[in-house]
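Undergrad: Requesting a structural model of the entry that follows:
(chains A and B)
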Amino acid sequence: MHRMTETAAPPFAEPPFADPPLPESIGIVRFTGADRTFRRLVTRGALLELVTFGFYRFWLATDMRRHLWVNTEIGGDSLEYTGRARELLLGFLVALAILAPAFLAYFIAGIAAERARAFASMPLYAFLFLFGQFAAFRARRYRLTRTVWRGVQFWMTGSGWVYALRSLLWALLLIPTLGLAYPWRMAALERYKLRHTRYGSLQARFEATGGQLFARVWWIWLLGLLPVLALVGGAAASAAAPMLGAGRQAAAVAGGVAMGIGGMSLVALPFLHAMRVATEWRWWVGGIRFGAARAVSTLRTGALVGTYWSLIGMMTLVTTVFGMIGGVIAGVFYATVLAPAGADGVAAALGRFPVTIGAGYVVWYLGMAVSLGVVTRIYLLQRVWVRVARSCAVVGIEAADCVTAAGEAASALGEGLADGLDFAGF
Amino acid sequence: VVATPAIFFDGTSNRRHAVMLRFSDRLEIVDESGRLARWSYDGIRRVDGPPGVLRLWSGEAAALARLEVRDAAGREMILRACQALDGEGGVRPVAIWRVAAWSAAAAAAIIGMIWFGVPVLADQIAEAMPPRWERPLGDAVDKQVRAIFSGEPCTAPPGQRALGVLVDRLQSAAALPIPPDPVVLRSGMANAFALPGGRVYILSALLRRARSPDELAGVLAHEMGHVAHRDGLRRLIRDGGTGFLVGLLFGDVSGAGAALFAARSLLNAAYSREVEAGADGFAIAVMRRLGRPTAPLGALLERITGDDDGAMPSLLRDHPLTPERVARLNEAGVAPSGPELLTAAEWRALRAICRQGG
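TA: Residues are numbered from 1 along each chain as shown, chains lettered A, B, ... in the order given. So this is what the prediction gives:
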């Protein structure tokens, strides 16, 4: 019966031979957490990260997920995150054991390649990319197997290396297509991930296509290109103006105007970015199927604009405040160390103070990084999660009613690798 | 027997059972079809639940069996009946002090390894590695150095011949396993440096600022000291090891790239004093063997560090305590007993090595 509901062309029309519609046929997704709770959680977590030399990150990540999962309710039942920080720590340590020799091998291979030609080790980035994609896939598997709904967990099959290879090949395709292959790449990768995703005995799949995404976002990309084109074109016109004969004045004016308009319309980029992200979310959610149950999202295209501007505002605030603190510290340092030393003694004075300067710089930098971390976790993670979750619903949720438990819990190695690759500046 | 409504998931299927909880000698989970489970009170644990919902699990049930009590009175009854809700196996809040203490221990171990372990390791590796293995390292960096300094080595033949003479004299006293082959690069920076694999670079501004062959010979002998002590290789191993270890701390605080940079400059400031003193010692020994004075090197150092007021980042400047070094070089000097290292004509040719068609 559920299969038939799924194949019915208009989504809400009932096939003639279907059972009478069930009242809970549409599972509403709700988010029950308060912004305040999450803000307190990440602020406290950030301070603890400072105190624990960053090791608290495993506990913070776990607590953030626990908060987001348990407050996300699908069809009246909330999710549960069963992962533990210790698993992440262990995954990180195991990943280190793998990454340390891998980095060494990478380093040696890099030297061998550089020897042949300066900066020739670029292809080796492909290897790191592959490794990163593998880690992302395995990290997703870990998170899914720690996600429980109605007493049954999600899980994943599939191979991390196959996924990484697909991801790399699709990424290479981006180059000759000037990035236009991006929607199709996303669709292909999501298809692979969801095809290998299970909720208990229920298999998932992804039905949205790259073409659909392209149709929804091409105008946003085009609009995003316009300010850049106006800037470049205007600059070109201004530069070329003196070489022109008659139209010199006009070309210079036109170039200046174009650059002005282009510069001003750069303000539009955050709007466009937020609209693209929201559209992608709506597309992605709308493509998810679990058996006959399908997800929909009514996320408005402009739903994330406020979130992104809040992010920009808060980041500006944080950097300004820390910039001022840095300025005051530099001033005090100048007044107490450099000025009394006089012009001749500057080098000697600097030579005597590297440890205090370095330590002060580290503390200042970490304070700023941690504050920015709080801001991004709130605005890029929680606010987006809440807005997207609240826009979702599951149509035909009764298809997920008779699912039996299956699947094993996966290790956190992928999370550890992802964490490990992160600090390598990847 | 008191009873309260609840929702039960047995952990083997996701079927939602609307149940009644009966509080007898155990917690009985019952629906219209009969008893689904009996949980002893002590085995019941609290797990994450949304606001207003007490979500429970029992060690006697399937790993994901869940019992959800949403009714306020029912929650009260559970809290009263179950004594070990947050006991072993449940979701207990982490003991912050334990995490902090272990982190402090781990950080201390890592910092200890950076401070004591990595230099020792670098020394060991550098000593064990045959000099010719260093060569590819230097070759790799060489390409980048040339790319950074616009890749323009100065090659006026008379100048190169003079440089060759000077290097041969120094090598006769220094006896490096691989004879150095210094390159003069066109640059506005007054500096000289050595890379792993024994490559020595002189930037042309230094040549311009030098007033006598002894000054330049001192600089070359100093750089040859770095080569002899394999400081470049050691620094490379140290930086790599330090970077890796620092990365363990603050893993996800935005890449930690800047923290890494800061840590590196901190450590370099600490190490370089010793390293520079070592290279100076080598230079002093070489110059003495050739019967040449060491004070000119100090004079050149002073001239370069004195005048550029920090406007230009200079490798020589990050060598700490120039006055101390200059004093040592002055004290170590002996009266010139050996022949001049270069003739006046050779010195002129060397200084003109960067002149086009010279």
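Undergrad: how about low-confidence regions in the stretch 151-300 of chain B?
TA: B:151, B:250-271 (pLDDT under 70).
Undergrad: any chance you could map the strands in it?
TA: Ranges of strands in the stretch 151-300 of chain B, per DSSP state E, counting those that start in this stretch, are B:183-185, B:192-195, B:199-203.
Undergrad: Sheet-wise, list the partners of the second one with their directions.
TA: Right, the one you point to is strand B:192-195. strand B:199-203 (antiparallel) (DSSP bridges).
Undergrad: can you list the strands of the stretch 151-300 of chain B in CSV and add mean neighbour count?
TA: No exception for glycine: its C-beta is placed from N, CA and C like everyone else's. Listed next are the strands of the stretch 151-300 of chain B as CSV, based on neighbours: other Cβ atoms under 10 Å in any protein chain shown:
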stretch, mean neighbour count
strand B:183-185, 21
strand B:192-195, 22
strand B:199-203, 22
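Undergrad: Including distance to residue B:158, could those strands go into a markdown table?
TA: Formatted as a markdown table, these follow (distance: least, Cβ to Cβ, whole Å):
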| stretch | distance to residue B:158 |
| --- | --- |
| strand B:183-185 | 13 |
| strand B:192-195 | 21 |
| strand B:199-203 | 16 |
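Undergrad: need the contact list for the closest residue to chain B within chain A.
TA: At 2.8 Å from chain B, residue A:151 is the closest residue in chain A, using Cβ to the nearest Cβ. Residue A:151 makes contacts with A:405, B:9-11, B:13-14, B:62, B:64-66, as judged by Cβ atoms under 8 Å, 6 or more residues apart in numbering or on different chains.
Undergrad: min pLDDT across those, which one?
TA: Here the lowest pLDDT out of these sits on residue A:405, with 85.
Undergrad: Give the helix, strand or coil label for residue A:295.
TA: Following DSSP: H, G, I helix; E, B strand; the rest coil, residue A:295 is assigned to strand.
Undergrad: and it, bridged to which residues?
TA: According to DSSP bridges, beta-bridge pairing links residue A:295 with residue A:394.
Undergrad: Any chance of the backbone angles for residue A:26?
TA: phi -110, psi 120 (degrees, to the nearest 10).
Undergrad: so it touches residue A:398, yeah?
TA: No: assessed by Cβ atoms under 8 Å, residue A:26 is found out of contact with residue A:398, at 9.7 Å.
Undergrad: Looking at these two, which one has more neighbours?
TA: The residue with more neighbours, out of residue A:26 and residue A:398, is residue A:398; 21 against 16, by other Cβ atoms under 10 Å in any protein chain shown.
Undergrad: Could you check the pLDDT of the more buried one?
TA: We note a pLDDT of 84 for residue A:398 in this prediction.
Undergrad: and what of residue B:314?
TA: 40.
Undergrad: One more: the one 3 residues further on?
TA: Looking at residue B:317, its pLDDT is 43.
Undergrad: I'd like to know how many residues surround residue B:124.
TA: With other Cβ under 10 Å as criterion, residue B:124 counts 12.
Undergrad: Show me what whichever strand or helix holds it is packed up against.
TA: Taking DSSP states H and E as the definition, residue B:124 sits inside helix B:118-128. Helix B:118-128 sits against helix B:231-248, with contacts defined as 3 or more Cβ pairs under 8 Å, 6 or more residues apart in numbering or on different chains; DSSP states H and E.
Undergrad: The helix it packs on: which residues count as buried?
TA: B:231-239, B:241-248 (16 or more other Cβ atoms under 10 Å in any protein chain shown).
Undergrad: now do stretch A:30-48
TA: A:30-31, A:33, A:38, A:41-42, A:45-46, A:48.
Undergrad: re the thing from before, what mean pLDDT does the helix holding residue B:124 get?
TA: Mean predicted confidence for helix B:118-128 is 84.
Undergrad: Which elements pack onto whichever helix or strand comes after it?
TA: With elements assigned by DSSP H and E, the helix or strand that comes after helix B:118-128 is helix B:131-148. With contacts taken as 3+ Cβ pairs under 8 Å, 6+ apart, helix B:131-148 sits against helix A:85-116, strand B:192-195, strand B:199-203, helix B:231-248.
Undergrad: need these in CSV with distance to residue B:349, can you?
TA: Formatted as CSV, the helices and strands packed on helix B:131-148 follow (distance: least, Cβ to Cβ, whole Å):
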stretch, distance to residue B:349
helix A:85-116, 33
strand B:192-195, 19
strand B:199-203, 15
helix B:231-248, 29
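Undergrad: For residue B:10, what are phi and psi?
TA: Torsion angles, degrees, to the nearest 10, at residue B:10: phi -80, psi 0.
Undergrad: And for the one 3 residues further on?
TA: Main-chain dihedrals, residue B:13, degrees, to the nearest 10: phi -140, psi 160.
Undergrad: Considering only the buried residues of helix B:231-248, which also neighbour chain A?
TA: Near chain A, judged by Cβ under 8 Å from any Cβ of the partner chain, the entries from the buried residues of helix B:231-248 are B:244, B:247-248.
Undergrad: which one among those gets closest to chain A?
TA: Ranked by distance to chain A (Cβ to the nearest Cβ), these are led by residue B:247 at 3.8 Å.
Undergrad: and residue A:134, what does it touch?
TA: Residue A:134 makes contact with A:160-161, A:163-164, A:414, A:417, according to Cβ under 8 Å, 6+ apart.
Undergrad: So for the helix or strand harbouring residue B:348, what gets flagged as buried?
TA: Using DSSP H and E, residue B:348 sits within helix B:344-351. Neighbour-count burial for helix B:344-351 flags B:346-347, B:349-351 (criterion: 16+ other Cβ under 10 Å).
Undergrad: Pipe these into a markdown table and attach distance to chain A per row.
TA: Formatted as a markdown table, the buried residues of helix B:344-351 follow (distance: Cβ to the nearest Cβ, whole Å):
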| residue | distance to chain A |
| --- | --- |
| B:346 | 33 |
| B:347 | 29 |
| B:349 | 30 |
| B:350 | 28 |
| B:351 | 27 |
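Undergrad: what would those residues look like in CSV with pLDDT?
TA: Converted to CSV, those look like this (pLDDT from 0 to 100):
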residue, pLDDT
B:346, 91
B:347, 91
B:349, 89
B:350, 88
B:351, 87
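Undergrad: In CSV: these, plus distance to residue B:224.
TA: As requested, the buried residues of helix B:344-351 are exported to CSV (distance: Cβ to Cβ, whole Å):
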residue, distance to residue B:224
B:346, 19
B:347, 19
B:349, 21
B:350, 17
B:351, 20
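Undergrad: rewinding a little: of all the strands of the stretch 151-300 of chain B, which lies closest to residue A:52?
TA: Nearest of the strands of the stretch 151-300 of chain B to residue A:52, taken as Cβ to Cβ: strand B:192-195 at 38.7 Å.
Undergrad: what's the offset of that closest one from the middle of its chain?
TA: Its chain's C-alpha centre and that of strand B:192-195 lie 20 Å apart, by Cα atoms, centre = their mean, to the nearest Å.
Undergrad: for stretch B:198-212, same thing?
TA: 29 Å.
Undergrad: sorry, back to before: kindly indicate which of the ones next to chain A among the buried residues of helix B:231-248 lies nearest residue B:207.
TA: Distance to residue B:207, by Cβ to Cβ, is smallest for residue B:244 among these, at 38.2 Å.
Undergrad: residues in contact with the closest one?
TA: With contacts defined as Cβ under 8 Å, 6+ apart, the neighbours of residue B:244 are A:100, A:103.
Undergrad: Show the average pLDDT along stretch B:28-48.
TA: Taken as a whole, stretch B:28-48 carries a mean pLDDT of 92.
Undergrad: would you say residue B:91 is within a strand?
TA: No: assessed with three-state DSSP, residue B:91 is coil; it does not lie in a strand.
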